[in-house]
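Participant: next one to model:
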Amino acid sequence: MNNLGKIVASQSALPIAKRRKDLKEMEEKYNILEKELINQSQEFAEISNRAKVNWKDIQKSLEKDETAIEFIHFNFRDEKRLTYSIFYYALVLRKDYKYPKAIYLFEEKELKKELKKNKISRKRINNLYATRSFHTFEIPIKKDFTKIDSLIWLPIEKELNGVKKVYLSLSGLLNKVSFASIPYGDSLLLSDKYEIIHTSSTAMILENTEFNFSEINKIALFGGIKYSITEEELKKANKKYKKTENRMYFKDEKFRRCVWNYLPGTMKEIENISGFFNEETKIKYETYSGASATEETFKSFEKNSPSIFHIATHGFYFQKSEIDLKKNNNTAIIGGDKIPYKYSDNPLVRSGLLLSGGATSWSGENVFKDVEDGVLSAYETSNLNFFGIKLVVLSACQTGLGDVKSSEGVFGLQRAFKMAGVDYIIMSLWDVPDVETQEFMSLFYANWKSEREIKKAFYKTQKFMRK
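Facilitator: This is a model prediction of the structure:
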């Protein structure tokens, strides 16, 4: 089944005119096998047990200074029928509540309007992850998020007196909001006031999924990647791997204008982290940079999984465009060659990572043979077996983005790594500056060593970077 999934992923990355004729049948077969396997798996049994959890079980696990907030959204029904209006509510639960409290927040069109209007500026990002030498800004942080603050958080705030830790389970468009950066007062952020822990469901609070520093056996580091590369360099770097069929094919001039520059900061980042593990711990580490950070190496971790996989590179995500999709489908009928990474109706194909050789493939300057192209889609990642990897750190821009599918969350890289079996994922919704990223990640690993628990280390790092 795993091989079938990889074939489907590989074919889906081809222009429609180049795909196998039996691809649809293969996809249907794969989906049937996947459902059968899930029903028989231990993970499915755990999910089934989680479904039996009720709010009283969650309440018993909460401390007095903790709250669990489950966001929900649904189409409003009037007296006669369902309407097009989508309402958002917060279900708030605390230790001393007789019942969970349902708090109305907003109608979805209100949040959509604000998300379009409030594009996150680099100054706001720097303000969230500021270095100690970078404190003052011309634009107050409240200015960008005032309306979003009043829509999402102000209705809930009155229920949080005495709360220090907040568990959040998001729904719908809320998956595109960074709660840590929502303003609190005139000069603080929500992450200054509360320890915020994101969960796929508040039922997860009952599960002991903590990852301690002592459990790390090995860390793999990708950074300082050479995106423009010759085929010979790639073949040399991939000598120990089997030959693979290339899948990329570019003739879309708009797509080819994308530029993927070398990121010197990512080399410094993995050097700092490897230096920390070399000097401070006995934990093994492996670094992959230049030509060695290949797609083949990435996929080899199925068999030889590190505890931590830290990837510092370019990420990409293309929003769904109905117009582009229609154009692509029309072109495909007459043998077109539009690019699936941009035009696919599958959000897992429209997001991914750039690895060694990725810029060369992306530009259409060269079509590699017998080696992977270096453009790794989230769909490919979702078909890998990464159940041995506890933490993936995606130190790249927009790696947290993707299409929002109802209450199922964001379909992009974060969903792909979860599907692959990874327990913890650290990623970004925005393009975070190199200097701040380097400092944040180095400090995070140091805090993790001292705190032992990953959640505490992450929160402590956030707090320190905001001082």
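
Participant: I would like the residues contacting stretch 62-70, please.
Facilitator: With C-beta atoms under 8 Å, 6 or more residues apart in numbering as the test, stretch 62-70 has contacts from 58-59, 90-96, 100, 156, 159-160, 162-169, 171, 201-202, 205. From N, CA and C alone the C-beta is placed, and that goes for glycine too.

Participant: give me the buried subset of those residues.
Facilitator: Buried members of these, counted by 16 or more other C-beta atoms under 10 Å: 58-59, 90-94, 100, 156, 159-160, 163, 165-169, 171, 201-202, 205.

Participant: tell me which stretches of the stretch 351-467 of the chain form helices.
Facilitator: 358-363, 378-382, 413-420, 434-451, 454-465 (DSSP state H, counting those that start in this stretch).

Participant: buried ones in stretch 294-312, by neighbour count?
Facilitator: Residues 294-299, 301-302, 305-312 are the ones in stretch 294-312 that count as buried (16+ other C-beta under 10 Å).

Participant: now, among those, which is nearest to Lys390?
Facilitator: Nearest to Lys390 among the buried residues of stretch 294-312, counting by C-beta to C-beta, is Ser307 at 5.0 Å.

Participant: skip the chain neighbours and tell me the closest residue to that closest one.
Facilitator: Of all residues not flanking Ser307 in the chain, Ile216 sits nearest, at 4.5 Å (C-beta to C-beta, 6 or more residues apart in numbering).

Participant: per-residue pLDDT, that neighbour?
Facilitator: At Ile216, the model reports a pLDDT of 92.

Participant: quick one, what contacts it?
Facilitator: Thr281, Ile283, Ser307, Ile308, Lys390.

Participant: looking at these, which are in strands?
Facilitator: Among the contacts of Ile216, the ones falling in strands (DSSP state E) are Ile308.

Participant: now the contacts of Ile216 as TSV including distance to Phe222?
Facilitator: TSV is the format used below for the contacts of Ile216 (distance: C-beta to C-beta, whole Å):
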residue	distance to Phe222
Thr281	20
Ile283	17
Ser307	15
Ile308	11
Lys390	17
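
Participant: distance to Val177 and pLDDT for the contacts of Ile216 - can I get that in JSON lines?
Facilitator: Shown next, in JSON lines, are the contacts of Ile216 (distance: C-beta to C-beta, whole Å; pLDDT from 0 to 100):
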{"residue": "Thr281", "distance to Val177": "36", "pLDDT": "83"}
{"residue": "Ile283", "distance to Val177": "35", "pLDDT": "90"}
{"residue": "Ser307", "distance to Val177": "30", "pLDDT": "95"}
{"residue": "Ile308", "distance to Val177": "27", "pLDDT": "96"}
{"residue": "Lys390", "distance to Val177": "27", "pLDDT": "94"}
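
Participant: and the residue nearest to Ser307, how far from Lys240?
Facilitator: Distance of Ile216 to Lys240, computed by C-beta to C-beta, to the nearest Å: 25 Å.

Participant: from Ile308, how far off is Ile216?
Facilitator: Ile216 sits at a distance of 6 Å from Ile308 (criterion: C-beta to C-beta).

Participant: list the residues that contact both of those two?
Facilitator: Common contact partners of Ile216 and Ile308 (C-beta under 8 Å, 6+ apart): Lys390.

Participant: apart from its chain neighbours, what residue comes closest to Tyr459?
Facilitator: That would be Glu195: by C-beta to C-beta, 6+ apart, it lies 4.8 Å from Tyr459.

Participant: quickly note the distance from that neighbour to Asp370.
Facilitator: The gap separating Glu195 from Asp370 is 50 Å, by C-beta to C-beta.

Participant: neighbour-wise, which of those two wins?
Facilitator: Each of Glu195 and Asp370 has its neighbours counted (other C-beta atoms under 10 Å); Glu195 has more, 19 against 13.

Participant: that older thread, just the contacts of Ile216 now: which is nearest Ala446?
Facilitator: Ala446 has its nearest neighbour among the contacts of Ile216 in Thr281, at 10.5 Å by C-beta to C-beta.

Participant: that closest one contacts Lys449, correct?
Facilitator: Yes: taking C-beta atoms under 8 Å as the definition, Thr281 is a contact partner of Lys449 at 6.8 Å.

Participant: in strands only, show me the buried ones among the contacts of stretch 62-70.
Facilitator: Those of those lying in strands (DSSP E): Ala90, Leu91, Val92, Leu93, Arg94, Lys165, Val166, Tyr167, Leu168, Ser169.

Participant: pLDDT score for the fourth one?
Facilitator: It refers to Leu93. So Leu93 comes in at 97 (pLDDT).

Participant: I'd guessed it sits against Ser61; true?
Facilitator: No: applying C-beta under 8 Å as the test, Leu93 and Ser61 come out as separate, 10.4 Å apart.

Participant: could you list every residue that touches Ile219?
Facilitator: Applying C-beta under 8 Å, 6+ apart, we find Ile219 in contact with Ile273, Phe277, Ile283, Lys284, Tyr285, Glu286, Pro306, Ser307, Ile308, Phe309, His310.

Participant: go again using 10 Å as the cut-off
Facilitator: Each residue near Ile219 by C-beta atoms under 10 Å, 6 or more residues apart in numbering is listed here: 270, 273-274, 276-277, 281, 283-287, 306-310, 391, 393, 445.

Participant: what secondary structure does it sit in?
Facilitator: At Ile219 the chain is in strand, as set by DSSP: H, G, I helix; E, B strand; the rest coil.

Participant: bridged to the residue nearest to it when sequence neighbours are not counted, which residues?
Facilitator: Once flanking residues are discounted, Ile219 sits nearest to Ile308: 4.2 Å by C-beta to C-beta, 6+ apart. According to DSSP bridges, the partner residues bridging Ile308 are Ile219, Leu391.

Participant: any idea how far Ile308 is from Tyr285?
Facilitator: Taken as C-beta to C-beta, the span from Ile308 to Tyr285 is 9 Å.

Participant: overlap in contacts of those two?
Facilitator: Ile216, Lys218, Ile219, Ala220, Leu221, Ile273, Phe277.

Participant: can you list those in CSV and add distance to Gly265?
Facilitator: Output for the shared contacts of Ile308 and Tyr285, formatted as CSV (distance: C-beta to C-beta, whole Å):
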residue, distance to Gly265
Ile216, 24
Lys218, 24
Ile219, 19
Ala220, 19
Leu221, 14
Ile273, 13
Phe277, 19
